[in-house]
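Engineer: everything below, folded, please.
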Amino acid sequence: MNRQQSLTVALLRHAVLLAGAVIMLAPFVWMISTSLKPPNEIFSTDLSLLPRKWFALENYGKAFTKVPLLRYLLNGVIVTAGIFAAQLLVSLPCAYAMAKLRFRGREVMFTLVLVGLMIPAQVPAIPRYVMLYQVGLLDSYAALILPFVVSAFGIFLMRQFFRTVPDDLVHAARLDGCGEFEILWRIMLPLAFPAMVAFAIISVVAHWNDFFWPLVVVQTGDLATPPLGTLFFRNEEAGSDFGPLMAGTVVITAPLVLLFLGAQRRFIEGMTLTGMKG
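Structural biologist: Now for the predicted structure:
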């Protein structure tokens, strides 16, 4: 009887997970389907995933010729890589100090980090915009990167991971004459690779998909990031060109999917280890 109940529970659990997966994947499947169809089939009342006439070459070709999509992808790589590199330079020393050093105000600083986690990025948008305007950095890569150099989530994630490293390892390194930065660089950094991979995926996905901030500070198409670049598929007379738009969206989304699939094991490992010690 218990075995039958366990089987029923397992079937129900998998049914719920399967239904959730279908709901999550349905928009992406429809996006790919639309990118393969000609305009008359996109607006057809018949529901069909596979096109009767394949229009993939036309849509994907138009996605790269109607707008400078490669330029937008390059901008996205520059911005996300710059943000992540700067976040690591700030997050790693801060997280190490909060996890392994003893100093007055450490808990207060960590509390401020937790408070920072609860503040939406849109809240300080106006002060950031005014500051960048005052120093003349609007419409530049610096305007897209500098506001996100300090990541409260990055500090929190790396701090939680560093707390899983035994204190005896750090004390032994100090006895061998290592300074704090040397300990961070030679010992903590290699151990923190899974956590850094997890943070890299979260940071890259968040800023690659960011539409709000580039829309605020970017004034020319040359600096448009991939999400902002999708606006240029719109035709003032005919409306949005949905075939090339969906094709461009597939191209923009594909690097994130490949990034996650390639680093999935490290991502899960990093997220698991950071929760082992509070």
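
Engineer: show the model's pLDDT score for G270.
Structural biologist: For G270, the pLDDT comes out at 64.

Engineer: what about M131, distance to Q219?
Structural biologist: In this structure, M131 and Q219 are 17 Å apart, going by CB to CB, to the nearest Å. Any C-beta I mention is one placed from the backbone N, CA and C, and that applies to glycine too.

Engineer: same question, V29
Structural biologist: Using CB to CB, we find V29 at a distance of 36 Å from Q219.

Engineer: low-confidence regions, the stretch 1-150 of the chain specifically.
Structural biologist: Within the stretch 1-150 of the chain, the stretches with pLDDT under 70 are 1.

Engineer: what about the helices in it?
Structural biologist: Along the stretch 1-150 of the chain, counting by DSSP state H, counting those that start in this stretch, helices occupy 2-35, 39-42, 56-65, 69-100, 106-117, 125-134, 141-145.

Engineer: what distance separates the last one from the centre of its chain?
Structural biologist: Right, the one you point to is helix 141-145. Put simply, helix 141-145 sits 16 Å off its chain's centre (CA atoms, centre = their mean, to the nearest Å).

Engineer: now do the helices in the stretch 151-278 of the chain.
Structural biologist: Ranges of helices in the stretch 151-278 of the chain, per DSSP H, counting those that start in this stretch, are 152-162, 167-175, 180-183, 189-191, 193-208, 212-217, 226-229, 242-262, 264-273.

Engineer: and the longest one, what does it pack onto?
Structural biologist: If you count contacts as 3 or more CB pairs under 8 Å, 6 or more residues apart in numbering; DSSP states H and E, helix 242-262 packs onto helix 2-35, helix 39-42, helix 56-65, helix 69-100, helix 193-208, helix 226-229.

Engineer: need the pLDDT of the residue nearest the centre of the chain.
Structural biologist: The centroid of the chain falls nearest to V205 when counting by CA atoms, centre = their mean (1.7 Å). As predicted, V205 sits at a pLDDT of 91.

Engineer: about what we covered before: I'd like a version of the helices and strands packed on helix 242-262 in JSON lines, one that adds distance to G262 as further columns.
Structural biologist: Putting those into JSON lines (distance: least, CB to CB, whole Å) gives the following:
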{"stretch": "helix 2-35", "distance to G262": "18"}
{"stretch": "helix 39-42", "distance to G262": "32"}
{"stretch": "helix 56-65", "distance to G262": "23"}
{"stretch": "helix 69-100", "distance to G262": "16"}
{"stretch": "helix 193-208", "distance to G262": "10"}
{"stretch": "helix 226-229", "distance to G262": "19"}
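
Engineer: nearest to W185, out of those helices?
Structural biologist: Nearest to W185 among the helices and strands packed on helix 242-262 is helix 69-100 (9.0 Å), distances taken as CB to CB.

Engineer: give me the domain ranges for the chain.
Structural biologist: With domains defined by automatic domain parsing, the chain comprises 1-34, 62-273.

Engineer: now, of these, which is deepest in the fold?
Structural biologist: Using mean count of other CB atoms under 10 Å, the stretch among those with the largest mean neighbour count is domain 62-273, at a mean of 17.

Engineer: and that one, how far from the chain's centre?
Structural biologist: On the basis of CA atoms, centre = their mean, domain 62-273 sits 7 Å off its chain's mean C-alpha point.
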